[in-house]
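Could you look at this predicted model? Sequence included:
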Amino acid sequence: MRKSIMAVADEEETEINLTPMLDVVFIMLIFFIVTASFIKEAGIDVDRPLAAHLVAKPKANILVAISADNEIWIDNKSIDFRAVKVEFERLLSENPEGSVVIQADKDAYTETVVLVADAARQANIMRVSISGKAKD
């Protein structure tokens, strides 16, 4: 009878408890999800002109891309130039501290860039910037 108790005790000691390891894995997963930075993109890649002086705008919330064909892209959607102000107002209601960064292709018309900047001002967004490409 004594040997059978020892045999049972040995079997209990050989089990591996996975609960603490799973707790650590789930905590690490939550940590990486919460700390991951989500990058906003305007929707298309543009070939921006070179700029002699650049200032980083890390808290830009509204990115606008203007293609070489003068298409306006906001939040991965092509927007008609007549609806840009409405889109800015919608995005501003989501984040009242929002600022606009315009990423215009070097072949885009200046008129399109001015229309987008003017629509931002009409939507009461006072922080409007134009993005350029740094010289290598």
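Yes, it's here. Residues are numbered from 1 along each chain as shown.

which stretches of the chain have low pLDDT?
Low-confidence segments of the chain (pLDDT under 70): 1-13, 37-60, 133-136.

Domain map for it?
2-35, 50-134 (automatic domain parsing).

Make a markdown table from those domains and add mean neighbour count to it.
Placement of C-beta: from N, CA and C, glycine included. Formatted as a markdown table, those follow (neighbours: other CB atoms under 10 Å):
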| stretch | mean neighbour count |
| --- | --- |
| domain 2-35 | 9 |
| domain 50-134 | 16 |
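
Over to the residue nearest to Ile130 when sequence neighbours are not counted. Which of the three states is it?
Leaving aside its chain neighbours, Ile130 sits nearest to Ile102 (4.9 Å; criterion: CB to CB, 6 or more residues apart in numbering). Under DSSP: H, G, I helix; E, B strand; the rest coil, Ile102 falls in the strand class.

ok, now which ones touch Ile102?
Val64, Ile66, Val113, Val116, Ala117, Val128, Ser129, Ile130, Ser131 (CB atoms under 8 Å, 6 or more residues apart in numbering).

mind giving me JSON lines with those residues and columns for secondary structure and distance to Phe32?
Below are the contacts of Ile102 laid out as JSON lines (DSSP: H, G, I helix; E, B strand; the rest coil; distance: CB to CB, whole Å):
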{"residue": "Val64", "secondary structure": "strand", "distance to Phe32": "30"}
{"residue": "Ile66", "secondary structure": "strand", "distance to Phe32": "35"}
{"residue": "Val113", "secondary structure": "helix", "distance to Phe32": "38"}
{"residue": "Val116", "secondary structure": "helix", "distance to Phe32": "36"}
{"residue": "Ala117", "secondary structure": "helix", "distance to Phe32": "38"}
{"residue": "Val128", "secondary structure": "strand", "distance to Phe32": "34"}
{"residue": "Ser129", "secondary structure": "strand", "distance to Phe32": "31"}
{"residue": "Ile130", "secondary structure": "strand", "distance to Phe32": "35"}
{"residue": "Ser131", "secondary structure": "coil", "distance to Phe32": "29"}
